[in-house]
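**Q** return atomic coordinates for the entry below.
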Amino acid sequence: MVFQYKYKAFTFRTKFMELIKSNRKPITIASFLIILTFSFYLITSGVTAYITYTEALETELNETKKELDITKASMEECSKSLASTRNDLNSCNSNLDQSMSQLSTCENERNELSTRKSELESELSTCNAEREDFKTRYENRLTAFNTLVRNSVKAICCSFDDVSSGATKTWGIVDDKIVCTGDYNVNCATGETEY
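**A** Numbers count the residues shown, from 1 in each chain. Below is the predicted model of the structure:
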């Protein structure tokens, strides 16, 4: 007898293929269940992520809406404040224009008054010079008048006997005339008087 030996190479692939052929139905069902479970896992994870993402977006959207409402209210308040500030600015500009006009008028009046002051100072200087001239002339005339009065009293109120005896006589001035009665005295010998 002759034995004939046929060599069959043992490989993992061939064994795996035989295993699949003999267990095709359970492997298909198991593969299907694994794929189905993996698909459910992916879908569940995706849906959960989507829901979480959607909730996060909704929360962010609500917060953004609240911030937008607050910002809108602030903007309206700022708009009102801006309108009020513009009115105040216009009022201030109007007041400024009036003040500038008044300032211009005041400056013109100040310039006129300054010119008038210079004219008046010149006139005052002239008046002071004239006053000093009149004062000097008055004092000179007063001195001359007093000298004339002192020199004339002895001749008018004293007689020869009064001069010889050195008598003292009273005299005064009434209506710009020397009279031999009054509040002043004259020494007839020397002609001295307290006038």
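**Q** count the neighbours of residue 45 for me.
**A** 10 (other CB atoms under 10 Å). The C-beta positions use only the backbone N, C-alpha and C, and glycine is treated the same way.
**Q** which element follows the particular helix or strand that has it in it toward the C-terminus?
**A** In the assignment (DSSP states H and E), residue 45 maps to helix 24-157. Per DSSP H and E, helix 24-157 leads on to helix 160-165 as the next helix or strand towards the C-terminus.
**Q** list the buried residues for that following helix?
**A** 162-163 (16 or more other CB atoms under 10 Å).
**Q** can you list the weak-confidence ranges in the chain?
**A** Within the chain, the ranges that satisfy pLDDT under 70 run 1-11.
**Q** now for the helix holding residue 45, which elements pack on it?
**A** Contacts defined by 3 or more CB pairs under 8 Å, 6 or more residues apart in numbering; DSSP states H and E place helix 24-157 against strand 168-174, strand 177-187.
**Q** pull the first one out as CSV, backbone CA atoms only.
**A** Coordinates of the C-alpha atoms in strand 168-174 are reproduced here as CSV (Å, rounded to 0.1, in the frame of the first residue of the first chain):
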residue,chain,number,x,y,z
THR,A,168,-3.6,201.6,69.0
LYS,A,169,-6.8,201.9,66.9
THR,A,170,-9.4,199.3,65.8
TRP,A,171,-10.3,198.8,62.2
GLY,A,172,-12.1,196.3,59.9
ILE,A,173,-13.1,195.7,56.2
VAL,A,174,-16.8,196.2,55.3
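**Q** ok, that strand: who's next to it in the sheet?
**A** Partners of strand 168-174 in the sheet, by DSSP bridges, are strand 177-187 (antiparallel).
**Q** contact partners of the partner strand?
**A** 149, 152-154, 156-158, 166, 168-174, 192-195 (CB atoms under 8 Å, 6 or more residues apart in numbering).
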